[in-house]
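Engineer: sequence and computational prediction follow.
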Number of protein chains: 2
Amino acid sequence: MFKINEDYLKLPGSYLFSNIAKKVAAFQEQNPKKQIIRLGIGDVTQPLAPAIIESLHRSVDEMGHAETFHGYAPDLGYEFLRSVMAKEDYQSRGCEIRADEIFISDGAKCDSGNIQEIFAKNNRIAVCDPVYPVYVDTNVMAGRTGIYDPDSQTWSDVIYMPCTEENGFAPSLPDQVPDIIYLCFPNNPTGATISREALQEWVDYANRNGSVIIYDAAYEAYISEEGVPHTIYECQGARTCAIELRSFSKNAGFTGVRLGATVIPKELKCGDTTLHSLWARRHGTKYNGAPYIVQRAGEAVYSPEGKEQLKKQVAYYMNNASVIETGLREAGYQVSGGVNAPYIWLKTPQGMTSWEFFDFLLEKANVVGTPGSGFGPSGEGYFRLTAFGSYENTVEAIKRIRQA
Amino acid sequence: MFKINEDYLKLPGSYLFSNIAKKVAAFQEQNPKKQIIRLGIGDVTQPLAPAIIESLHRSVDEMGHAETFHGYAPDLGYEFLRSVMAKEDYQSRGCEIRADEIFISDGAKCDSGNIQEIFAKNNRIAVCDPVYPVYVDTNVMAGRTGIYDPDSQTWSDVIYMPCTEENGFAPSLPDQVPDIIYLCFPNNPTGATISREALQEWVDYANRNGSVIIYDAAYEAYISEEGVPHTIYECQGARTCAIELRSFSKNAGFTGVRLGATVIPKELKCGDTTLHSLWARRHGTKYNGAPYIVQRAGEAVYSPEGKEQLKKQVAYYMNNASVIETGLREAGYQVSGGVNAPYIWLKTPQGMTSWEFFDFLLEKANVVGTPGSGFGPSGEGYFRLTAFGSYENTVEAIKRIRQA
C-alpha cells in the first residue's frame, strides 16, 4: 500500500489568504451593496507596459512561423535574458555576476519553494518573524522543521528572528548558528529595508559560520533611498555565501505572466560541490524552462522604453504607498514601510489583535488588508496594507479608514 | 555549516542528451560542411497553429489594459481551461473527471518530477525499462531509490519492468508489489501502446494491492488505432488508483510555450487523506500558476479551428513516422512504434550496441538519434528516432540511413 508524505499533514490546516477570502466572501454575502476595496494580497493591478506588450506580440508572431519557432528553451534560460540581467542588475552596479550564474524560472515563489531541495534534510533554517509563509511551509513539507506548537505558532527546529518596532524591523544576528538563512529586503510583509552595512554583517556572519543566505530581492525596484542595497552582491564576500532570488512580478507587473530568476555564484560550495551544479541538475531534471515569449517579455523590461515605462508604473504604486503612509500617520496610526517597498506595516490601534483589526476594517471601512499575525507570531498586533491597488481605490480606502 | 542533499550526488554524472550534444558538437567541428539531421530529442518543429497564435495575440492585448489585465491565476488554473479539458478529454469519452480534479501546470516534465513529493520516502517505485529518465531521476533526488549499480545500470530499490521484443514492449505485472507504478502509453521511448484490456489489468492490480499508478498520457493525440485507451480513466476503477499527466507539448507543439495538467480524482486516498488535497497544497504553496496567456492558448487547442489545425499537425508528424517506419523496414531493419506514437524504436543491426549505432549513424549518415540504452538497460541494442523533424529532413535522413 502506498503511503503519503506525512510532513504535508503537519502544516496548519488553513492558509492565510484562503481565510481572508472566506471572511470577505461571507461579509459580501451579508452586505451585497457594500463596495469592498482590497489592499490585502500583493497582486498588481496596472496593465503590462506597452514595451512588454509589443515584445509579446512580436514573439508570438515568431512562434507562428517554422523559421522563427522556438521549442524547448535552454536549461538555464535564454542567453539574451540572462545576459541583460547580468549586465543591468549586477555588472552596472559593480557586482560580479555572470550570465551563466543566472537561472531563469517561472517566478520567485517556485524558486523560493524549490531551492531548499538541494540542501540536506537536517539543515537548520532561520527566518525573520514575521515572514513570507512560503519559506517556512516548503521546509515543513520537506520534514525540516520539527514539531509545531499551536500556542506559540512556531516550529521546534526553526530559528525565528523577531523583527519588531524595537529593532526597526531588521533582524539581529541569531544566537544559534543556522545553516540556511532566509532574508528578504525590502521586506514582505513589513516594508522595512536593510542598510548595506547591516547586510554586510550578515554576509560576514554567514561566511564565518558556513551558513548560506537565501536573499529574496523581489521588491528591489521599489527602493528609493540611497544606501539601501539593490542586491546582496553589493556586499563583499557574498559570492561565497549567498543565493539571490529575483522576480518580475512587482517591478514589471508579471504576477500573471510568471518570470523570475535565481542567482548562484559558482564560488558557493559545500566541500567540492557547487550549489550551482546542484541547482542546474534540478533545473535540468524537473523543469523545462520559462516560455520563450515570456523570456522575450522579460528582455523588454530592460529596454530603454521598458525601463522608462516601468519607472512610471513603480512610481504610480509608490504614490499609493505614500497616500496610505501619510494618511494613516496623520490619522494617528503608527506606520512603517512604504518608502522603499510597496507594503505599509501598521500597528493596530487600541491593543486590537491583528484579526480583530481585520474584522474592524472590513466591517467599518469595507477595506481588506492582511493580519500581521498571519506572517508569524511577531506580526501579532500589526497589519499589512499594499500599494498595488488603483490610485482612486487607495485614496478612497484611506478616507474610509480615517472615518472608521 | 550547511550541508547539501547528498542524494543529488548519487545521480550518474552525465545526462543522456548532454552526451549526445557533446558528440554531435565534436563531429560537427571536425566536419564543418556536413549537414546533420537531428531526429534525436523529442522537440517539435512545426509552428504554433493559427488558432493558437490568434488566441495568444488576443490575450496579450487583454494584459495591456487595466480592465482586462490578469494578475495571479487561481491555484488550480483557470476555470475556462479546466472545464474544456474535463469536457473534451474526459466526459466526451464517457470518463467521469470533473474540472476541479484537473490541476493546470507549466508542463508534464515538472508534474512528473514533482508528483513524487506527495508520497512517503519509503515508497517503492516501479518503472518500465526502457523509460523516460525523469521518473527515476526525480526519485533518486528524493532518496527513494537505494544504491546504484553501474554495471547493471539499475537502482537497488526500483522495480524494473522490462519492455522488450518478447512482450511486445508492454510490461508484465511485477512479482514484487510496488507502491507507485509509472506507466506511459503511447510510450516514450518505444512508441508502443497498451490495449484497454491490458490497462484494465493494471488498474485492477493497483486497486487490489493498494498501489497508485502515475499514468503519463503525453502522446495520446498520436493514437490512430481503435482499442487503444486515450486516458486511463477509460478503465473501471481508475478513479481510486490513478493519477494522469497531460501535456500540450506534443499535441499542440507547446514545448516552448509550456502547459500541462495533472488529474487527481477525489476518490484516490491513503486512509482518509485524498491525494487531491496534497497536490492542491503543493500547488498552492510552491507554484503560482501557468501564465494567463498560455492558459488561453491552451483553451484554443479545443476550439473547432484549433482542433482542425492540430489534427493536421499531428498528421504531418505521423506521416514522418510512417516514412521512417516504412523506409527502415524496407531496408531490413526491425522496427516498432510509429503507428500510435511519434517515436520509432528500432533494433540495432549486426549486434551493435546502442552507442555504436549512434556513432555509426552520425558518421555514415550524419543523422542523430537517441541510443536506447540511455533509457535503461533493456534499451540496449535499440535506438529511438522521432517523427518531429520536417518532412524534407525526415525523407533525407531515411535515404541516408538506407545508403549507410
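Structural biologist: Great, that's in hand. Please read these numbers as outputs of a predicted model, since none were measured by experiment.
Engineer: what does the stretch 51-200 of chain A put close to chain B?
Structural biologist: Residues of the stretch 51-200 of chain A lying near chain B by C-beta under 8 Å from any C-beta of the partner chain: A:53, A:56-57, A:60-61, A:63-66, A:69-73, A:106-107, A:109-110, A:113-114, A:117-123, A:134, A:137-138, A:141, A:179-180. Heads up, the C-betas are built off the backbone N, CA and C, glycines and all.
Engineer: go with 6 Å
Structural biologist: A:53, A:56-57, A:60, A:63-66, A:69-72, A:106-107, A:109-110, A:113, A:118-120, A:123, A:137-138, A:179-180 (C-beta under 6 Å from any C-beta of the partner chain).
Engineer: among those, which ones are in helices?
Structural biologist: If you go by DSSP state H, these have A:53, A:56, A:57, A:60, A:63, A:109, A:110, A:113, A:137, A:138 in helices.
Engineer: report the two of those residues separated the most.
Structural biologist: A:57 and A:137 (37.5 Å; C-beta to C-beta).
Engineer: where do the strands sit along the stretch 301-404 of chain A?
Structural biologist: Per DSSP state E, counting those that start in this stretch, the stretch 301-404 of chain A carries strands over the ranges A:335-337, A:343-347, A:367-368, A:370-371, A:382-386.
Engineer: tell me what angle the last one forms with strand A:343-347.
Structural biologist: Following axes from the mean of the first three to the mean of the last three C-alpha atoms, to 10 degrees, one obtains 150 degrees for the angle between strand A:382-386 and strand A:343-347.
Engineer: picking that back up, so between residue A:57 and residue A:137, which is more surrounded?
Structural biologist: When residue A:57 and residue A:137 are compared for neighbours, residue A:137 comes out ahead with 20 against 16, by other C-beta atoms under 10 Å in any protein chain shown.
Engineer: list the contacts of residue A:301.
Structural biologist: By C-beta atoms under 6 Å, 6 or more residues apart in numbering or on different chains, residue A:301 lies in contact with residue A:252.
Engineer: could you check how far it is from residue B:119?
Structural biologist: 39 Å (C-beta to C-beta, to the nearest Å).
Engineer: for residue A:75, same thing?
Structural biologist: 26 Å.
Engineer: next one: residue A:16
Structural biologist: Following C-beta to C-beta, the distance that separates residue A:16 from residue B:119 is 27 Å.
Engineer: which positions in the stretch 251-400 of chain A make contact with chain B?
Structural biologist: Checking the stretch 251-400 of chain A against chain B by C-beta under 6 Å from any C-beta, the hits are A:255-258, A:270, A:273, A:278, A:281, A:285-288, A:291-292.
Engineer: filter those to the buried ones?
Structural biologist: A:255-258, A:270, A:278, A:281, A:285-288, A:291-292 (16 or more other C-beta atoms under 10 Å in any protein chain shown).
Engineer: out of those, which sit inside strands?
Structural biologist: residue A:270 (DSSP state E).
Engineer: what residue ranges in chain A score low on pLDDT?
Structural biologist: A:13-14 (pLDDT under 70).
Engineer: can you list the domains in chain A?
Structural biologist: Under the assignment automatic domain parsing, the domains of chain A span A:6-48+A:305-403, A:53-303.
Engineer: residue B:350 is nearest to which of those domains?
Structural biologist: Here domain A:53-303 is closest among these (C-beta to C-beta), at 33.4 Å.
Engineer: can you list the buried residues in stretch A:157-170?
Structural biologist: For stretch A:157-170, by 16+ other C-beta under 10 Å, it's A:158, A:159, A:160, A:161, A:162, A:163, A:164, A:169, A:170.
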